[in-house]
Structures are given as C-alpha cells and as structure tokens.
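Generate a structure from the sequence data that follows.
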Amino acid sequence: SDDFTNWATRSDGNVALFRAQTGDQVTTPSGFTSTTNVSYSPIIGVRYGARGRVVTVGSFGDSIDSGRGTYKAEGFINPLCIDLSDRSGVAVEHANFAWAGIQMSTIRSHVEDAMSAGLIPNVASYPNISPNDITPPWLTANNSAARFRAHSIYDTLASNGVIPIEHTCPPSTASLSSGKAYGSSDSLRLTYNSGEMALNNRGMTVFDLSGAVSGNVSTTGQVEFMDGTTTDGLHPND
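Next up is the predicted model:
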C-alpha cells in the first residue's frame, strides 16, 4: 500500500507512524503537538554507529526499485542483502531511497539530495531508465534523455565514493493491469538495454534485470515478462 498511515496499526513487524507540523519544532520540541498520522515522511534517512563492518547497499529509482509488486514491498535488493549477509558473515543492509511514480530527472535529484545530506551508501543500484519516462510508443529521444541522466547519476555516486551499479529496464506485459503497450517500439528498449550492458566492458557495472525476467514475445513484437515473474505487468514480483 502507498498509504503509510496503516503502518501505525500493523500487526506484524515494526509499528511506525509519521506526523508533521509546520514551523520550528526543534528549538522547542514541546511545541510539536500534532496527533494526525500522515502518509509521507519528512525523514530522508538515518545515520548510526555500528560495531563491526557494515556494507550499505542503497537503491534509487521508481516503484520497481522501491519494491511495489513484492509481497512485503522489499523489492529485489533487500533479499539479496539478506542472502549476502548470510553467506559472507558481513552485515549487508539495504537503504531504500526509491519512490513510486517518479521519472529519471527526479531519481537523479534524489541521488544528489542523499549525497548532500551525507547519506552515502557503499554501493548503490539505480535504473538506466524508468517506465515512467515512457508514454508508448518508445522513442529514440527517450533513450537519449535517460542515458544522460543515468550517466549523471553514475558520476554523482562515483564522485562521492559510492560503487554505482546500473540495471536495465525490465519488460512490460500489456495485457495485465499496469502493463504498457510498447508494441514493436519495444525494440528500442532492447537496443538501449544492450547499449548500456556493453558498458560493462568499459569499467561500469550494469546488471541485466530485464534479461532475468523476460519471457515470450507478443504478437505485436513486444517482449513480455516471463510467466510467474509479475502480477500486474509492470513490476517484478517475489
């Protein structure tokens, strides 16, 4: 759910609630008197001290990266961090900076904001383009704009000592509720993904999320999700 007010009454996991009040509530904390739970958070992150080594993996992006479509909204990075922790003996944590509905321009801004705030992970994952940037059909101009922003994200992360890991844009199944009808223009998505994957030979790290979940090609020429890997046609599921 995108309604975070339900977190205050959840029956499992950590109970959490967000409240906000206009004005300076820091100088005189007792002035904060709001009792209304809100569905957004003024907190962009938390810094803390830890004994022993901790590797933080940050994820920036849209709803795909934030975890929509998965049962616990944990996406594909959090399970990976748990698995790495279990196998390596080093604590690997997930800092989820992604947000549903945003485009590459805002994703880039979120990266810059996090770096400016000192919320700097060791490793960060981000998309090479967001489906939110695409109103079908897919256009070459979309690729050019996204490439500029994706590589700008790479530069910002790298200049702050973060290891950047880009991922390719997954397919879409148009017949499902949130799917997009790219049709034959989906070939431009594939070309763009291939071009970004080729950067693995030039020092970047790009992982092929699209290839991991791609299945059949529809009668319109659009690659669809592999059977069982999406529920709504746009977001990978568990």
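
Tell me, how many residues neighbour the residue nearest to residue 75 when sequence neighbours are not counted?
For residue 75, ignoring the flanking residues on the chain, the nearest one in space by Cβ to Cβ, 6 or more residues apart in numbering is residue 67 at 3.2 Å. The C-beta positions use only the backbone N, C-alpha and C, and glycine is treated the same way. By other Cβ atoms under 10 Å, the residues close to residue 67 number 24.

quick one: residue 67 from residue 173, how far?
Separation of residue 67 from residue 173 (Cβ to Cβ, to the nearest Å) stands at 19 Å.

now swap in residue 123 and tell me
Per Cβ to Cβ, residue 123 is found 30 Å from residue 173.

Give me the more crowded residue out of these two.
Neighbour count, other Cβ under 10 Å: between residue 123 and residue 173, residue 173 has more, with 25 against 18.

now the more buried one: how far from residue 207?
In terms of Cβ to Cβ, residue 173 sits 21 Å off from residue 207.

Kindly report the same for residue 82.
18 Å.

Residue 57 sits in which helix or strand?
Element membership for residue 57, per DSSP states H and E: strand 54-59.

In this protein, where's the longest helix?
Longest helix in the chain by number of residues, with DSSP state H as the criterion: helix 140-159.

Name the surrounding residues that touch that one.
Residues from elsewhere that reach helix 140-159, judged by Cβ atoms under 8 Å, 6 or more residues apart in numbering: 60, 104-105, 107-108, 111-112, 115, 124, 126-130, 133-134, 163-164, 166, 188, 191-192, 195-196, 204.

for stretch 203-212, same thing?
76, 128, 154, 163-171, 189-190, 193, 196-197, 199-200, 236.

Now it: buried residues?
Neighbour counts using 16 or more other Cβ atoms under 10 Å place 204, 206, 208, 209, 210 of stretch 203-212 among the buried residues.
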